[in-house]
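*Asks:* structure for this input, please:
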Amino acid sequence: MRKLIIYPNCSKGGVSSVIRGRAADEPGTQFDVIFFNDRGGLRTFSDVSNVNVRIIREDRSNAYLTYLVNTIEYDTVHVLSAPKTANTLAQNPDAVVVYEFHSSNMTVVEQELQVLDIDKMSQIAVPSAAMKLKIGERLPRRSLARLIVTPNLVDRRIFSQDGSFDFFDNDPMFVNSGLRPFVWVGRFDKDKGYQYAVRALAQLPENYIGIFVVSLEHDPIRTSRFLSECDSMRVRDRVQLYMNLSQPEIANLYRSARELKGIYVSTSLMESFGYAIAESMECGLPCAAFELPVLGLHRDRGKLQSVPIGDVEALAKMILQM
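*Replies:* All right, here's what the predicted structure looks like:
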């Protein structure tokens, strides 16, 4: 089999995890992946033999992708966050175009729906039943039969309890210190609720050290706001910031935090799947999170506790109990 996947940004974020998970689950399928922008994630797929990645400028992509779909017999063509591209490729009557929604931000989803020619899509795919309900409310009834759930898959070759756990070995702060890592992974935007994580850290004993991992940031203002929040909560000296870690490095971080009796903390206000929750738990790291519908997908992975969204005091107490 051969599949084509198209997404604007090549980063080390969630969509890269989506692709890696599918490649691991379908080793006999060749995945051709086209990105429009290099956001520091090109090497993410260097160890995956059945994924071929290319960066094509968006202003040149229509001609290239049309040629590709016309000359190669793809079993399916998957388009994410690029409705104009999907519309163009769906003009080929032999192309099975599947449009996928992975953002949990309904404003973003509605903007894409305004552009997307729903009736030309072979299927509309979402990663969870909760997202299916939200998207379904926004689709014409005639389209609902083509709305499917395609669960995201964790690459268990990378994210597992077995593997290295030496992430903090060269960090003098953690050597024989009794410190506990408080791990948070995401972007510095409002939907990820980083402010709540910083405020929860401020309510914990000083032996909890905040390990904040973010994808490549192009807007220095967002990082500045994060650091300002750390300053205002007086935890700047208890925070370590890592940017653009590879997936093996993040898995090592999760296992290392597990060995130091740390915890993964999710303060997301909305999630379509919750990759970081799933991946951290697969590495044996307990998770404390704001209660979201998608948590039901992950409770059988390990120790997961939740509190009402925005309740920082309850979150801090839950972390101490865990």
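*Asks:* quick one: contacts of stretch 110-124?
*Replies:* 76, 81, 83-84, 86-87, 90-91, 96-101, 135, 138-140, 142-143, 146-148 (CB atoms under 8 Å, 6 or more residues apart in numbering). (C-beta placed from N, C-alpha, C; glycine too.)
*Asks:* ok, of those, which come out buried?
*Replies:* Buried members of the contacts of stretch 110-124, scored by 16 or more other CB atoms under 10 Å, are 76, 81, 83, 86-87, 90, 96-101, 135, 143, 146-147.
*Asks:* out of the residues you listed, list just those in strands.
*Replies:* Among the buried ones among the contacts of stretch 110-124, the ones falling in strands (DSSP state E) are 76, 97-100, 147.
*Asks:* which residues in the chain form helices?
*Replies:* Ranges of helices in the chain, per DSSP state H, are 14-25, 58-71, 83-89, 106-115, 129-136, 194-202, 220-232, 247-259, 275-282, 312-321.
*Asks:* to Val51, which of the ones you listed lies closest?
*Replies:* Val51 sits nearest to helix 14-25 of all those, at 5.0 Å, using CB to CB.
*Asks:* can you list contacts of the closest one?
*Replies:* 5, 7, 9-10, 29, 31, 33, 41, 44-45, 48, 50-51, 80, 102, 127, 152-158, 247, 273, 275, 279.
*Asks:* how about that helix: buried residues?
*Replies:* 14-24.
*Asks:* out of those residues, which comes closest to Asn62?
*Replies:* The shortest approach to Asn62 among these belongs to Val15, at 20.4 Å (CB to CB).
*Asks:* and the gap between the closest one and Tyr7?
*Replies:* From Val15 across to Tyr7, the span is 5 Å (CB to CB, to the nearest Å).
*Asks:* who touches both of those two?
*Replies:* Leu80.
*Asks:* before we move on, back to that, in strands only, show me the contacts of helix 14-25.
*Replies:* Assigned to strands by DSSP E, the following of the contacts of helix 14-25 qualify: 5, 7, 9-10, 31, 33, 51, 80.
*Asks:* now for those residues: which two are most distant?
*Replies:* Asn9 and Phe31 (17.1 Å).
*Asks:* these two: who's more crowded?
*Replies:* Neighbour count, other CB atoms under 10 Å: between Asn9 and Phe31, Phe31 has more, with 21 against 18.
*Asks:* residues contacting the more buried one?
*Replies:* So Phe31 contacts 2-5, 19, 22-23, 50-52 (CB under 8 Å, 6+ apart).
*Asks:* pull the number of nearby residues for the closest residue to Pro205 other than its chain neighbours.
*Replies:* Nearest non-adjacent residue to Pro205, counting by CB to CB, 6 or more residues apart in numbering: Leu320, 8.0 Å away. Using other CB under 10 Å, Leu320 is surrounded by 13 other residues.
*Asks:* hang on, Leu320 packs against Leu204?
*Replies:* Yes. The pair Leu320 / Leu204 is scored as a contact, 6.9 Å apart, by CB atoms under 8 Å.
*Asks:* now do the shared contacts for the two.
*Replies:* Common neighbours of Leu320 and Leu204 (CB under 8 Å, 6+ apart) do not exist.
*Asks:* as CSV, the contacts of Phe31 with pLDDT and distance to Val307 would be great.
*Replies:* Listed next are these as CSV, based on pLDDT from 0 to 100; distance: CB to CB, whole Å:
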residue, pLDDT, distance to Val307
Arg2, 98, 45
Lys3, 98, 39
Leu4, 98, 41
Ile5, 98, 36
Ile19, 94, 32
Arg22, 94, 32
Ala23, 94, 35
Asn50, 96, 40
Val51, 96, 38
Asn52, 96, 43
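*Asks:* wait, which of these is closest to Ile263?
*Replies:* Ile19 (28.2 Å).
*Asks:* so where's this protein shaky on pLDDT?
*Replies:* Scanning the chain for pLDDT under 70 picks out 216-218.
*Asks:* how near is the spatially most central residue of it to Asp171?
*Replies:* Residue closest to the mean C-alpha point of the chain, counted by CA atoms, centre = their mean, is Gly14 at 2.6 Å. Using CB to CB, Gly14 is found at 27 Å from Asp171.
*Asks:* now swap in Tyr208 and tell me
*Replies:* From Tyr208 to Asp171 the distance is 15 Å (CB to CB).
*Asks:* these two: which is more packed in?
*Replies:* Counted by other CB under 10 Å, Tyr208 and Asp171 do not tie: Tyr208 has more neighbours, with 23 against 13.
*Asks:* residues in contact with that one?
*Replies:* Per CB under 8 Å, 6+ apart, neighbours of Tyr208: 179-182, 201, 238, 319.
*Asks:* apply 6 Å and report the result again.
*Replies:* Contacts for Tyr208 (CB atoms under 6 Å, 6 or more residues apart in numbering) come out as 180, 182.
*Asks:* go on, the one 5 residues further on?
*Replies:* With contacts defined as CB under 6 Å, 6+ apart, Val213 is in contact with 185, 242, 245.
*Asks:* for the buried ones among those residues, write the corresponding PyMOL selection.
*Replies:* Buried residues among these (16+ other CB under 10 Å), as a PyMOL selection:
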select buried, resi 185+245
